[in-house]
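Colleague: Quick one, structure for this:
(one chain, ligands or ions: 3)
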Amino acid sequence: MLPDVLPRPPAISVAEYQERRDALMAQLPSNAAVLLPGAALMTRSRDSEFAFRQDSDFYYLTGIREPDALLVLLPGRAEGESVVFCQDRDPTMEAWTGRRLGAAGVVAEHAIDQAFENADREAQLSELLAGREVLYLPLDNADAVALAEEAFSVAQAGLKRGRPPLKGWLDVSQLIHAMRLIKSDAEIALLRHAALVSAHAHCRAMQVSRPGLSEYQLQAEVEHEFMWQGASGPAYSTIVGSGANACVLHYIENSALLGEDDLVLIDAGAEFELYAGDITRTFPVSGRFNDAQRALYRVVLSAQERAVSAIQPGATLADIHQGVVQDLTAGLIELGLLEGEVQARIDDESYRRFYLHSTSHWLGLDVHDVGAYRLDEQSPLPLAPGMVLTVEPGLYIPSDDDIPDAYHGIGIRIEDNVVVTNDGHHVLTTGVPKGIEEIEALMAKK
Ligand code: GLY
Ligand code: MN
Ligand code: MN
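Modeller: Residues are numbered from 1 along each chain as shown. Ligands and ions are numbered 1, 2, ... in the order given. All right, here's what the predicted structure looks like:
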């Protein structure tokens with residue numbers, strides 16, 4: 001029997017994209033314009049390209065998924081404030097690579113006020129920007145900066161005709177990223193779906209796991225489930241690390257055989273409608289934890305559960321991370337992997353031999369999503385409803401002579417995705433076990 005397909009959440013409405021553009025423009029002076037290029041196709045090798053992935057900021061403001069587009073926002077313009085330049089309609093190219101929206105399609109399907117094809121860009125853009133005194137663009141985007149420089153030289157030439165001068169350009173990214181940090185209900189529904197699909201995929205990997213399979217076969221199971229459920233694929237390169245490979249934080253080779261006594265760490269998340277899931281589970285290849293694995297796993301699990309329970313408006317990621325460091329350090333001392341007092345081992349950072357990454361990052365259109373982490377140098381940003389974050393403590397034990405053999409090469413991480421709500425939090429990544437008994441029970445049900 002083929003596995004069930006989960007019901008899909010609704011797409012984000014055209015009206016919501018419009019509201020986002022309006023909210024961005026409301027923050028800008030009336031003499032400003034925004035220039036925001038979308039992504040281009042990228043060559044994989046010779047004449048093959050990677051599958052197209054839209055730039056997340058451009059997508060957030062338009063919902064358009066075609067390459068080579070440019071969004072121009074013109075606050076207060078009577079003929080319409082949003083303009084998009086898009087790929088030219090081209091029957092020959094469309095015969096090879098599929099239908100293009102064209103200017104008419106952009107207006108009709110995406111509620112953009114006016115659209116032009118790229119062939120008209122040079123002539124139209126200088127007209128649209130005439131008289132705008134400040135441009136907002138992503139300053140790290142060479143194409144956007146080149147457009148601003150071009151606009152500047154056109155404006156210099158136009159000075160003679162009495163137009164107000166273009167004074168310069170400022171960064172638009174921070175404004176968009178502050179908006180993206182707080183997810184709408186529709187975005188949370190998509191993140192929940194990405195999480196659910198990812199959870200199914202992890203369950204599937206647990207159920208097929210057995211000694212003698214390879215890491216890439218578990219990767220294949222996980223990614224099969226992503227695509228079966230309508231995700232475009234992984235939101236980031238799938239990590240399947242068995243044995244000591246689990247201690248390599250970004251191990252993506254996934255080429256080793258699964259050993260009878262190994263744990264395997266899978267860090268994998270689906271991308272659904274461009275929104276990312278990001279789950280890590282660690283389980284015994286054979287379906288049963290041994291004593292050393294069980295002891296270390298309990299330390300990570302209780303740190304992770306306490307961290308999740310601390311998530312609420314006003315808490316900070318810095319506090320949550322400090323709680324995790326406290327719990328992991330206490331656990332390492334209890335198991336004899338560190339000596340002395342908890343605070344002393346935190347102060348001298350000796351816990352970092354076993355835990356060197358941070359506990360959380362934002363999650364959204366990007367797996368390491370945008371948005372500030374601090375209000376200023378001194379103050380971490382307090383959590384607020386609508387923020388979505390990961391909670392992912394881990395322990396990674398090197399195979400060094402001073403460490404008991406039983407712990408050598410054990411790597412454990414447990415990662416969930418959590419949304420901050422008005423009165424606390426909601427875990428998006430339910431549906432895949434993380435308790436020792438629950439994992440063993442699921443794996444026994446092959
Ligand atoms: N999958 C990357 C991360 O957990 O941050
Ligand atoms: Mn993560
Ligand atoms: Mn992850």
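Colleague: residues touching Phe58, list them.
Modeller: Neighbour list for Phe58: 36-39, 64, 69, 71 [criterion: CB atoms under 8 Å, 6 or more residues apart in numbering]. Where C-beta positions appear, they are placed from N, C-alpha and C, glycine not excepted.
Colleague: For Leu139, see how far away it is.
Modeller: For Phe58, the distance to Leu139 equals 15 Å [CB to CB, to the nearest Å].
Colleague: thinking again about what came up before, and the contacts of Phe58 as CSV, adding secondary structure and neighbour count?
Modeller: Shown next, in CSV, are the contacts of Phe58 (DSSP: H, G, I helix; E, B strand; the rest coil; neighbours: other CB atoms under 10 Å):
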residue, secondary structure, neighbour count
Leu36, strand, 25
Pro37, strand, 21
Gly38, coil, 24
Ala39, coil, 18
Ile64, coil, 22
Ala69, coil, 25
Leu71, strand, 22
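Colleague: quick one: which of these is nearest ligand 2?
Modeller: Ala39 (22.6 Å; CB to the ion).
Colleague: and the closest one, backbone torsions?
Modeller: Taking degrees, to the nearest 10, you get phi -80, psi 160 for the backbone angles of Ala39.
Colleague: Show me the shaky parts of the chain.
Modeller: 1-2, 159-161, 446 (pLDDT under 70).
Colleague: follow-up on the earlier one: closest one of the contacts of Phe58 to Arg99?
Modeller: Ile64 (13.4 Å; CB to CB).
Colleague: May I see the buried residues of the one helix or strand Gly105 maps to?
Modeller: Element membership for Gly105, per DSSP states H and E: helix 102-110. Residues of helix 102-110 classed as buried: 102-103, 105-107, 110 (neighbour count, 16 or more other CB atoms under 10 Å).
Colleague: Same list (the residues you listed) but as CSV, adding distance to ligand 3.
Modeller: Shown next, in CSV, are those (distance: CB to the ion, whole Å):
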residue, distance to ligand 3
Gly102, 39
Ala103, 40
Gly105, 36
Val106, 35
Val107, 39
His110, 32
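Colleague: what about stretch 207-221, distance to the chain center?
Modeller: Its chain's C-alpha centre and that of stretch 207-221 lie 25 Å apart, by CA atoms, centre = their mean, to the nearest Å.
Colleague: got it, and stretch 102-113?
Modeller: 28 Å.
Colleague: Output that stretch in PDB with nothing but the alpha carbons.
Modeller: Backbone C-alpha positions of stretch 102-113 (Å, rounded to 0.1, in the frame of the first residue of the first chain) are rendered in PDB as follows:
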ATOM      1  CA  GLY A 102       5.100  37.600 -18.800                       C
ATOM      2  CA  ALA A 103       4.100  41.100 -17.800                       C
ATOM      3  CA  ALA A 104       0.400  40.400 -18.200                       C
ATOM      4  CA  GLY A 105       0.700  37.300 -16.000                       C
ATOM      5  CA  VAL A 106       2.600  39.100 -13.300                       C
ATOM      6  CA  VAL A 107      -0.200  41.700 -13.000                       C
ATOM      7  CA  ALA A 108      -3.100  39.200 -13.300                       C
ATOM      8  CA  GLU A 109      -1.700  36.500 -11.000                       C
ATOM      9  CA  HIS A 110       0.300  38.400  -8.400                       C
ATOM     10  CA  ALA A 111      -1.700  41.700  -8.000                       C
ATOM     11  CA  ILE A 112       1.400  43.800  -9.100                       C
ATOM     12  CA  ASP A 113       0.200  47.200 -10.300                       C
END
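Colleague: List of residues touching the helix holding Gly105?
Modeller: Contacts of helix 102-110 (CB under 8 Å, 6+ apart): 14, 17, 62-64, 69, 84, 86-89, 101, 112-117.
Colleague: let's see 10 Å
Modeller: Helix 102-110 is contacted from outside by 14, 17-18, 62-64, 66, 69, 80, 82-90, 94, 99-101, 112-118, 120, using CB atoms under 10 Å, 6 or more residues apart in numbering.
Colleague: before we move on, what SS does Gly80 have?
Modeller: When classified by DSSP: H, G, I helix; E, B strand; the rest coil, Gly80 comes out as coil.
Colleague: burial count for it?
Modeller: 12 (other CB atoms under 10 Å).
Colleague: From Leu363, how far off is the residue nearest to Asp261 when sequence neighbours are not counted?
Modeller: Distances taken as CB to CB, 6 or more residues apart in numbering put Asn290 closest to Asp261, at 6.7 Å, once the chain neighbours are dropped. Plainly put, Asn290 is 33 Å away from Leu363 if you go by CB to CB.
Colleague: same thing with Ser45?
Modeller: 31 Å.
Colleague: between the two, which one's more packed in?
Modeller: Leu363 (27 against 7).
Colleague: partner residues bridging the residue nearest to the more buried one when sequence neighbours are not counted?
Modeller: Distances taken as CB to CB, 6+ apart place Val388 nearest to Leu363, at 4.8 Å, with adjacent residues excluded. Val388 forms beta bridges with Val419, as assigned by DSSP bridges.
Colleague: residues contacting Val388?
Modeller: 181-183, 187-188, 191-192, 195, 275-276, 278, 362-364, 369, 371, 417-420, 425-426, 428 are the contacts of Val388 under CB under 10 Å, 6+ apart.
Colleague: let's see it at 7 Å
Modeller: 183, 191, 362-364, 417, 419 (CB atoms under 7 Å, 6 or more residues apart in numbering).
Colleague: And those residues, which is closest to ligand 2?
Modeller: Leu363 (7.2 Å).
Colleague: So the closest one versus Val432, what's the distance?
Modeller: In terms of CB to CB, Leu363 sits 16 Å off from Val432.
Colleague: cool, and Phe283?
Modeller: Distance from Phe283 to Val432, by CB to CB: 10 Å.
Colleague: Between the two, which has more neighbouring residues?
Modeller: Phe283 (26 against 22).
Colleague: Can you name the next helix or strand after the strand or helix carrying that one?
Modeller: Secondary structure assignment for Phe283, by DSSP H and E: strand 279-284. Tracing the chain past strand 279-284, the next element assigned as helix or strand by DSSP H and E is helix 291-309.
Colleague: Next, the angle strand 279-284 makes with that following helix.
Modeller: Counting by axes from the mean of the first three to the mean of the last three CA atoms, to 10 degrees, helix 291-309 lies at 160 degrees to strand 279-284.
Colleague: following helix 291-309, which helix or strand comes up?
Modeller: Past helix 291-309, the next helix or strand by DSSP H and E is helix 317-334.
Colleague: Can you mark which positions in stretch 134-150 are buried?
Modeller: 135-138, 141, 144-145, 147-148.
Colleague: for the stretch 51-200 of the chain, what spans make up the helices?
Modeller: Assigned by DSSP state H, counting those that start in this stretch, the stretch 51-200 of the chain shows helices spanning 56-62, 91-97, 102-110, 121-129, 142-158, 173-181, 185-208.
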